[in-house]
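> The sequence isn't on hand, but the structure is:
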């Protein structure tokens with residue numbers, strides 16, 4: 001096996017784990033709505049998740065670990081994706097917020113301020129900001 005094969009498989013595994021974390025948020029209420037499904041479809045395409053992997057992850061999303069990116073900006077981008085999933089059905093219920101906080105800790109945000117970060121993230125997504133604005137706003141918050 002070449003080094004490029006190792007990199008490709010590791011990269012794909014991280015994408016699958018990220019996708020599984022987002023499926024976990026989508027399934028927090030027990031149902032994937034049409035809007036959530038459309039978001040998952042787009043995300044799977046962007047993350048290069050195969051149709052077979054997509055179905056496997058839907059069936060067993062809890063078996064995938066949350067692999068936090070080592071880069072802070074990548075963590076913020078993942079938080080953006082997860083937060084958008086919470087808002088995909090325009091319902092911000094307590095169960096989804098708690099799950100997002102747990103995933104936030106799993107992504108590497110400190111447990112003593114994850115509630116604040118998640119609340120800010122939810123407000124930004126509710127305002128319809130794009131990914132770049134989201135990242136910059138969260139960065140400014142932590143200065």
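Thanks, I have it. Nothing here was measured: the structure is a model prediction, and the numbers come from that model.
> use CA for all of it now, contacts and neighbours both
Fine.
> What part of the protein, helix or strand, is modelled with the least confidence?
helix 3-26 (a mean of 71; mean pLDDT, DSSP states H and E).
> Nearest spatial neighbour of the one residue sitting closest to the centre of the chain, chain-adjacent residues omitted?
Among the residues of the chain, residue 82 comes closest to the average C-alpha position under CA atoms, centre = their mean, at 3.2 Å. Sequence neighbours aside, residue 22 is the residue nearest to residue 82 in space, at 5.5 Å (criterion: CA to CA, 6 or more residues apart in numbering).
> mind listing what that neighbour touches?
By CA atoms under 8 Å, 6 or more residues apart in numbering, the contact set of residue 22 is 40, 81-82, 85.
> which ones among the residues you listed are found in helices?
Secondary structure defined by DSSP state H assigns 40, 81-82, 85 of these to helices.
> out of those residues, which one sits closest to residue 61?
Nearest to residue 61 among the ones in helices among the contacts of residue 22: residue 40, at 12.9 Å, using CA to CA.
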